[in-house]
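Q: next input, structure requested:
(chains A and B, ligands or ions: 1)
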Amino acid sequence: MEEYYLICEDSLEGVFTGIYNAYLMKKPHSRLHISIGEEENLRLFAVYEDCPADEKKAASVAGTIIREFGTEAYLAICRALASGETDKGEAVYKTVVTGFHMKNRKALMGNLANPYVHRVFELARFTANEAHFHVEFLRFRELENGILYAKIGPKNNIITFIMLHFADRLPLENFVIHDEIRGIFAVHPKGKDWFLTSQEEGMEIHSDSFSKGEEEYSELFCRFFHTIAIKERNNYVLQRGMLPLRYRKYMTEFLK
Amino acid sequence: MNSDSKKTQYNLIPDSSRGMAVNCSNDIAMTLPESGRKMTLMEKLGILSDAAKYDVSCSSSGVGRKGDGTGIGNTSAAGICHSFSSDGRCISLLKILFTNECIYDCKYCINRKSNDVPRASFTPDEVCELTIQFYRRNYIEGLFLSSGIINSPTYTMELIYEAVYKLRTKYRFQRYIHVKAIPGADPMIIQQLGMLADRMSVNLELPTAEGLQKLAPNKHRKNILTPMRQIQTGITQNKEEIVVYKHASSFVPAGQSTQMIVGATPESDYQIMMVAENLYKKFDLKRVYYSAFVSVNEDKELPALPGGPPLLREHRLYQADWLLRFYGFEADELLSEQKPNFNILLDPKADWALRHLEMFPVEINRADYQTILRVPGIGVKSAQRIVRARRNGNLSFDDLKKIGVTLKRALYFITCSGRMMYPTKIEEDYITRNLISNKEKLPFDRDGMTYRQLSLFDDGMISSWNQAVSG
Ligand code: SF4
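A: Alright, predicted model coming up:
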């Protein structure tokens, strides 16, 4: 019995297109798989098929997911697909298949006893947690031209999730968040809608010349950060548990 | 309240001889600026955050509202911690005193009148600039402004009002502001400030009136409860007004909190929990904070705490507080006159379960939500997930693990489809031993007493420790 692998792009569109094509194939879902990017361990009895992303197909799958399983499931799926893990495409595909077999489709994400649903739930939680950490630990620095600039290095592709938060938080600021791992910039011009752009598109950010205020306030915050601790309660283990080390290289109070 | 003239000046310049080191290292010398020189913002922030650090205000949670796009900020409903200081506590707000001048002489307080410490006061604009600039850079969610008492409670509250009013209007800061209401201040100024603040708190300071009398001779229980009641009434009335007039502005929308110091006076955990329960039920408080006493002053009225602040006790109180607020427990289910203090070896929920073994095991696939919530090892989120997930069929122990249940704690108290996870005795001593050998994760390890040390204790030592923690 041959197994079929649909090779999809690493994006929401890519995986949704894969799901669309999988349903077109009219084969048992147990023998169909979605994999992201090049499959590394080629199998002998497997058929690989490239599956270029298609906007229309993707939109139709997105619509179906929202309609059949509700917005909660859709959001979980979007979060799962922002994950850096490569099994996410397969997990989402099989979760959708599972959902169509359930009597109450809106309860899909509650069906945690199903391994695929559970995996989507888990991936979504990783992404959500990492996004939340960035909402907390991301630091803006004011550049000479007044733009607020933040650099991040997340494991998952969380930039769109955190932009929703920061656009609401700082509507009247020009600010840029820069994912240095993926080379993506999220740009928020004061009072306007934000957008994503990539490094190649000629983003010129002089991210090393800071304003005078930046120097002053980053030092003030450093002072605050140290004086606010109660030394009789010092507990570096707890601090490390709450604030993982990998975030600190982007955080003002740990840079000095 | 009388006060000497030197301490009544607003924006006072301390008289001392040395300059203050401006750096960002861990050991900051608390030295004073040269005499006559104007204090820098850095120096003021150093003094006034140092003086505010004992106040607990862990999270800015409680209000979820979006920015309206015309100013700065949004307030997220989930608590946001922007950093964690070296004591592992969350930094979510710019926590400062407006001034550390004080006409009172509370024995436990670093700012008391009789202490010879550097004094400083912010100007309203300094408070505003710091808040705005810290907020923009994502250092903080908002402002927590407390203050020593300068001149009189009313005078001090007026200064705080001026700062907060400026921050809301001129600086258009629409985000979280928590201010302290000072007992004894004119109700009018408390009312006005409440229209600008998200949260207000009046510190209970000490659990009982006797404790207060002993350690805070200028404060009176009645003066503390009066503004607390005023704020409670204000919140209730305002909610009704908002129903009628949609655009009525809101009064203390994130509710009221308070804090008490634990371990400076001899109250038992039972007394403290009864006080907390009453504050939740009769004063509708959002949060009660417990603050392990840190000995900053030499005073014969204060206990010597050679083991450092009573952090384990504070931790147990917080655990019990959660049980009151989210798990449907009542204080006198957890403790009693006969058993006035929490078990040092077991968290309050496990302790309760072990004393009520007749109610276990519970069947995960049938028991109601409230019953499941009382199982050790199952939290609010897991209980909710269980109730949802079992609609699609019976859950197994494997499923519970995926859902996030801590099975090594829960296994003694539950069955799945009629079966326990392992054949196990439902017997108090046996389960106690097993729960204790499963090292509880405590949020601290230097309480003078690590968990490992604790578990080596024999009974005699435990009771002497119990006496020690109950003061
Ligand atoms: S009133 Fe008491 S607790 Fe408050 S600052 Fe003054 S001395 Fe300290």
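
Q: in which helix or strand does residue B:134 reside?
A: When elements are assigned from DSSP states H and E, residue B:134 belongs to helix B:124-136.

Q: check which residues of the helix or strand that contains residue A:73 are buried.
A: Following DSSP H and E, one finds residue A:73 within helix A:55-81. Of all the residues in helix A:55-81, those buried under the rule 16 or more other C-beta atoms under 10 Å in any protein chain shown are A:57-58, A:61-62, A:64-65, A:68-70, A:73-74, A:76-81. In this view, the C-beta of every residue, glycine as well, is placed from N, C-alpha and C.

Q: coming back round to it: now do the helix holding residue B:134, average pLDDT.
A: What helix B:124-136 shows for mean pLDDT is 96.

Q: for stretch B:396-416, same thing?
A: 92.

Q: also stretch A:9-17?
A: 94.

Q: name the residues that touch that stretch?
A: Contact with stretch A:9-17 is made by A:8, A:34, A:36-37, A:51-55, A:57-59, A:61-62, A:78, A:81, A:88-89, A:92-93, as judged by C-beta atoms under 8 Å, 6 or more residues apart in numbering or on different chains.

Q: buried residues in that stretch?
A: Going by 16+ other C-beta under 10 Å, stretch A:9-17 has these buried residues: A:9, A:12-17.

Q: try stretch A:241-255
A: Quick answer for stretch A:241-255 (16+ other C-beta under 10 Å): A:242-243, A:247, A:250-254.

Q: would you list these in JSON lines and tack on distance to residue A:112 and pLDDT?
A: Output for the buried residues of stretch A:241-255, formatted as JSON lines (distance: C-beta to C-beta, whole Å; pLDDT from 0 to 100):
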{"residue": "A:242", "distance to residue A:112": "27", "pLDDT": "85"}
{"residue": "A:243", "distance to residue A:112": "29", "pLDDT": "88"}
{"residue": "A:247", "distance to residue A:112": "29", "pLDDT": "92"}
{"residue": "A:250", "distance to residue A:112": "34", "pLDDT": "91"}
{"residue": "A:251", "distance to residue A:112": "34", "pLDDT": "92"}
{"residue": "A:252", "distance to residue A:112": "39", "pLDDT": "90"}
{"residue": "A:253", "distance to residue A:112": "38", "pLDDT": "90"}
{"residue": "A:254", "distance to residue A:112": "37", "pLDDT": "89"}
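
Q: quick one: which of these is nearest to residue B:395?
A: Nearest to residue B:395 among the buried residues of stretch A:241-255, counting by C-beta to C-beta, is residue A:242 at 31.5 Å.

Q: that closest one touches residue B:83, doesn't it?
A: No: counting by C-beta atoms under 8 Å, residue A:242 sits too far from residue B:83 to count as a contact (9.1 Å).

Q: on that earlier part again, orientation of whichever helix or strand comes after the helix holding residue A:73 relative to helix A:55-81 in degrees?
A: The C-terminal neighbour of helix A:55-81 among helices and strands, as given by DSSP H and E, is helix A:88-100. Counting by axes from the mean of the first three to the mean of the last three C-alpha atoms, to 10 degrees, helix A:88-100 lies at 100 degrees to helix A:55-81.

Q: if we can go back for a sec, give me the common contacts of residue A:242 and residue B:83.
A: In contact with both residue A:242 and residue B:83: residue B:90, using C-beta under 8 Å, 6+ apart.

Q: and residue B:375, what does it touch?
A: B:353, B:360, B:362, B:410, B:413-414.

Q: ok, and the closest non-adjacent residue to it?
A: residue B:413 (4.8 Å; C-beta to C-beta, 6 or more residues apart in numbering or on different chains).

Q: quick one, phi psi at the one you found?
A: When quoted as degrees, to the nearest 10, the phi and psi of residue B:413 stand at phi -120, psi 0.

Q: could I get the contacting residues of it?
A: B:353, B:360-362, B:375-377.

Q: need the three-state assignment for residue B:144.
A: When classified by DSSP: H, G, I helix; E, B strand; the rest coil, residue B:144 comes out as strand.

Q: next, count neighbours for it.
A: The tally of other residues near residue B:144 (other C-beta atoms under 10 Å in any protein chain shown) stands at 24.

Q: by proximity to chain B, which residue of chain A wins?
A: Closest contact between chain A and chain B, by C-beta to the nearest C-beta, is at residue A:238 (2.9 Å).

Q: tell me which element that residue falls in.
A: Here residue A:238 is assigned to helix A:236-242, by DSSP H and E.

Q: and residue A:221, by the same measure?
A: helix A:212-227.

Q: got it, and residue B:342?
A: Using DSSP H and E, residue B:342 falls outside every helix and strand.

Q: picking up where we left off before, ok, the residue of chain A closest to chain B touching residue B:85?
A: No: using C-beta under 8 Å, residue A:238 makes no contact with residue B:85, being 10.1 Å away.

Q: more neighbours: which of those two?
A: Neighbours per residue (other C-beta under 10 Å) separate residue A:238 from residue B:85, with residue B:85 holding more: 24 against 20.

Q: can you pull out the strands in chain B?
A: Assigned by DSSP state E, the strands in chain B fall at B:83-84, B:90-91, B:93-97, B:142-146, B:176-180, B:199-201, B:256-262, B:287-292, B:362-363, B:414-415.

Q: got it, and the stretch 151-256 of chain A?
A: All strands of the stretch 151-256 of chain A, identified by DSSP state E, counting those that start in this stretch, fall at A:175-179, A:184-188, A:195-198.

Q: the residue nearest the centre of chain B pairs with what?
A: The centre of chain B sits closest to residue B:289, judged by C-alpha atoms, centre = their mean, with a distance of 3.0 Å. As for beta bridges, residue B:289 partners with residue B:259 under DSSP bridges.

Q: so it touches residue B:144, yeah?
A: No: counting by C-beta under 8 Å, residue B:289 sits too far from residue B:144 to count as a contact (11.9 Å).

Q: which residues touch whichever residue of chain B sits closest to chain A?
A: Residue of chain B nearest chain A, by C-beta to the nearest C-beta: residue B:88 (2.9 Å). Counting by C-beta under 8 Å, 6+ apart, residue B:88 makes contact with A:233, A:235-239, A:241-242, B:443-444.

Q: ok, and the closest non-adjacent residue to it?
A: Residue B:88's closest residue in space is residue A:238 (C-beta to C-beta, 6+ apart), at 2.9 Å.

Q: and that neighbour, how close does it get to residue B:406?
A: Distance, residue A:238 to residue B:406, by C-beta to C-beta, to the nearest Å: 19 Å.

Q: now the residue of the stretch 151-256 of chain A found nearest the ligand: closest residue in space that isn't a chain neighbour?
A: Going by C-beta to the nearest ligand atom, the ligand is nearest to residue A:230 of the stretch 151-256 of chain A, at 15.6 Å. The spatially closest residue to residue A:230, leaving aside those adjacent along the chain, is residue B:87, at 5.0 Å (C-beta to C-beta, 6+ apart).

Q: before we move on, what about residue B:132?
A: residue B:171 (5.4 Å).

Q: tell me who's in contact with residue 97.
A: Defaulting to chain A. By C-beta under 8 Å, 6+ apart, residue A:97 lies in contact with A:29, A:116.

Q: look at chain B instead
A: Applying C-beta under 8 Å, 6+ apart, the residues near residue B:97 are B:48, B:51-52, B:111, B:145-148.

Q: mind redoing it with 6 Å?
A: B:48, B:51-52, B:146-147 (C-beta atoms under 6 Å, 6 or more residues apart in numbering or on different chains).

Q: let me know the pLDDT of it.
A: 95.

Q: next one: it from residue B:335, what distance?
A: Distance from residue B:97 to residue B:335, by C-beta to C-beta: 35 Å.

Q: domain parsing for chain B?
A: B:3-68+B:75-203, B:348-437 (automatic domain parsing).

Q: in chain B, where is pLDDT below threshold?
A: Applying pLDDT under 70 to chain B flags the ranges B:1-36, B:57-78, B:247, B:439-471.

Q: whoops, chain A was the one
A: A:1, A:39-41, A:200-207, A:256.

Q: how many neighbours does the nearest residue to residue B:340 once chain neighbours are set aside have?
A: With sequence-adjacent residues excluded and distances taken as C-beta to C-beta, 6+ apart, residue B:340 is closest to residue B:268, at 3.7 Å. When neighbours are counted by other C-beta under 10 Å, residue B:268 registers 19.
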